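Peer 1: no sequence for this one, just the structure:
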């Protein structure tokens, strides 16, 4: 087995933003020169997420409304920040999950036609690190 | 490391349906002839999910009611379909996650007695592809 | 590739409890003597979860309130227990996910400063098994 690791840093101008990082995942696969295996995409923060879904702008708007409905900002959370994000953002990150795996076969990502790897920034305007680890043959 | 990949296609008669695909995952493990490693089970669509949980019929009914409560169909979503599913289905898929890993040791799946690999179809009546990738020794 | 597997058993005094098991994950990595790869941490039960997030006590309190809001105990679930947990606990486990991956590089866990591996017991007071599988070079 061979392993290729890359750490990317994203800093979004907005507090909330969704970035399609499929090109970066593809680029990591190409640099690895591997043809069969899995790619782990994981964010090193509890106030962002990594998902695989469609990147249609209307859907991403619906996603954000939905996050605010199910895990709204509230004045009565107990979380004390440690210079970190408020509790709502942590719960939204848990809902979406902070990582995803992309399998690949014959040097191509196994993604459906409407599937993209999306970095979901939930509390941006500061640098966030994402680890991409390609493992396989 | 050795890798064995299989792609299965499911087409359910109903829009929503939960299939216990543990037998297919076991069969892939047997065909791989591996004895130690992990199996990635991932669906190539954003309108279905793969979970590991109990397959008791009452629970699966509760699961569907719950999905409709937390991510209901609504007339005011912004997602424009691209011939794809409505936004509620995408959000339900995100809640459940589109993939799961099953570790295996001594050629047996590491699953608890009430754990099964379930394919959760959220917008069926059309073919859906699931990739099973067995990796290990 | 080398693989090192460990199965831990936790029995919490309370029905609900969050345990920071990062030290156990680190210990497994050290025993594996591997320096580059991924660690799968997965619970073999449908009434517990494994997450990666901050372990700040106020946040963990917020997390539990939130789980009870989104998947409350109710008298009208259809799930019949099989000596197992009620449906609310299963749904909470699905929300949080029963597994997480931790990548590691140069023999160190790739976790952010506010990220910890947390075992979330949702229906405790009985033994629960967690598989830790370290894979890599």
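Peer 2: Happy to help now that I have it. These figures come from a predicted structure and were not determined experimentally.
Peer 1: Tell me which residue is most central in chain A.
Peer 2: Taking CA atoms, centre = their mean as the criterion, residue A:50 is the residue nearest the geometric centre of chain A, at 1.9 Å.
Peer 1: Helix or strand: which one has residue A:46?
Peer 2: According to DSSP states H and E, residue A:46 maps onto no helix or strand at all.
Peer 1: For it, the count of nearby residues, please.
Peer 2: Burial measure for residue A:46: 25 neighbouring residues, criterion other CB atoms under 10 Å in any protein chain shown. Using the backbone N, CA and C atoms, a C-beta is placed for each residue, glycine as well.
Peer 1: residues contacting it?
Peer 2: Residues near residue A:46 by CB atoms under 8 Å, 6 or more residues apart in numbering or on different chains: A:84-85, A:90, A:93, A:98, C:52-54, C:112, C:114-115.
Peer 1: 10 Å - rerun?
Peer 2: Counting by CB atoms under 10 Å, 6 or more residues apart in numbering or on different chains, residue A:46 touches A:84-85, A:89-90, A:93-94, A:98, A:122-123, C:51-54, C:56, C:59, C:112, C:114-116.
Peer 1: if you look at these, which of them are in strands?
Peer 2: C:51-53, C:116 (DSSP state E).
Peer 1: Just the buried ones from the residues you listed?
Peer 2: Buried residues within the ones in strands among the contacts of residue A:46, counting neighbours by 16 or more other CB atoms under 10 Å in any protein chain shown: C:51-53, C:116.
Peer 1: how about these in TSV, adding distance to chain A and pLDDT?
Peer 2: Shown next, in TSV, are those (distance: CB to the nearest CB, whole Å; pLDDT from 0 to 100):
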residue	distance to chain A	pLDDT
C:51	6	98
C:52	6	98
C:53	5	97
C:116	9	98
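Peer 1: hang on, the earlier thing: my guess is the residue nearest to the centre of chain A contacts residue A:129. True?
Peer 2: No: using CB atoms under 10 Å, residue A:50 is not in contact with residue A:129, being 11.7 Å away.
Peer 1: Now list whatever residues contact both of those two.
Peer 2: Common neighbours of residue A:50 and residue A:129, using CB under 10 Å, 6+ apart, are A:42-43.
Peer 1: Please enumerate the strands of chain A.
Peer 2: Counting by DSSP E, one finds strands in chain A at the ranges A:2-10, A:17-20, A:37-43, A:48-53, A:99-105, A:108-109, A:116-121, A:128-136.
Peer 1: Report whether the last one contacts chain B.
Peer 2: To tie it back to what came earlier, the one meant is strand A:128-136. Yes: under the criterion of CB under 10 Å from any CB of the partner chain, chain B is reached by strand A:128-136 at A:135-136.
Peer 1: Please look at residue A:106 and residue A:35 and confirm they touch.
Peer 2: Yes: under the criterion of CB under 10 Å, residue A:106 makes contact with residue A:35 at 5.9 Å.
Peer 1: So for the two, which sits in the more crowded spot?
Peer 2: Neighbours per residue, other CB under 10 Å: of residue A:106 and residue A:35, the larger number sits with residue A:35, 14 against 8.
Peer 1: how about the spatially closest residue to the more buried one that is not a sequence neighbour, what does it touch?
Peer 2: Leaving aside its chain neighbours, residue A:35 sits nearest to residue A:107 (4.3 Å; criterion: CB to CB, 6 or more residues apart in numbering or on different chains). Shown in contact with residue A:107 (CB under 10 Å, 6+ apart): A:29-30, A:32-36, A:136.
Peer 1: Including distance to residue C:4, could those go into TSV?
Peer 2: Converted to TSV, the contacts of residue A:107 look like this (distance: CB to CB, whole Å):
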residue	distance to residue C:4
A:29	26
A:30	30
A:32	23
A:33	27
A:34	22
A:35	26
A:36	23
A:136	19
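Peer 1: Next one: the spatially most distant residue from the centre of chain A from residue C:114, what distance?
Peer 2: In chain A, residue A:76 marks the outermost C-alpha relative to the chain mean, sitting 28.0 Å out by CA atoms, centre = their mean. Computed as CB to CB, to the nearest Å, the residue A:76 to residue C:114 distance reads 22 Å.
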